[in-house]
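>>> Following is a predicted model, sequence given first.
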Amino acid sequence: MGGGGRYPYPKQVWSPAGGWWTRPSNWVANTAITSAGILAITYAVWTVSANNEKRTEPPTRPIPSMMWAKEFKEGKEQQ
């Protein structure tokens, strides 16, 4: 299964993805750092979204965002 062996390629071509046949030695660390960054950004966006969520009409049945939305947590305390 192959597509042939490696062939000569132009060395002056730069690629942001690393070029032909790349396999950096620190790919595990790069993946871990990128994953941590994605998780941190996702958590920040999730938190801001949950704090700013407002519903003009209350839901007729339970919805998942009721577990974390500030609006519904405050409603439980007031009742």
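That came in fine, so what should we check first? Numbering: from 1, shown residues only.
>>> Helices of the protein, start to end?
Taking DSSP state H to define them, one finds helices in the chain at 27-52, 70-78.
>>> From Asn30, how far out is Gln18?
You called it Gln, but residue 18 is Gly. Remark: distance between Gly18 and Asn30 (C-beta to C-beta, to the nearest Å) = 11 Å. (Glycine included, C-beta is placed from N, CA and C.)
>>> which residues are in contact with both of those two?
Pro24 (C-beta atoms under 8 Å, 6 or more residues apart in numbering).
>>> returning to that earlier point: quick one: the helices of the chain as JSON lines, columns for mean pLDDT too.
Below are the helices of the chain laid out as JSON lines (pLDDT from 0 to 100):
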{"stretch": "helix 27-52", "mean pLDDT": "93"}
{"stretch": "helix 70-78", "mean pLDDT": "65"}
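>>> Dump these into JSON lines; add mean neighbour count and distance to Gly3 as well.
Below are those laid out as JSON lines (neighbours: other C-beta atoms under 10 Å; distance: least, C-beta to C-beta, whole Å):
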{"stretch": "helix 27-52", "mean neighbour count": "10", "distance to Gly3": "22"}
{"stretch": "helix 70-78", "mean neighbour count": "11", "distance to Gly3": "55"}
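>>> Please tabulate those helices in TSV, including the columns distance to Val13.
Below are the helices of the chain laid out as TSV (distance: least, C-beta to C-beta, whole Å):
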stretch	distance to Val13
helix 27-52	21
helix 70-78	52
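>>> Great, nothing more from me.
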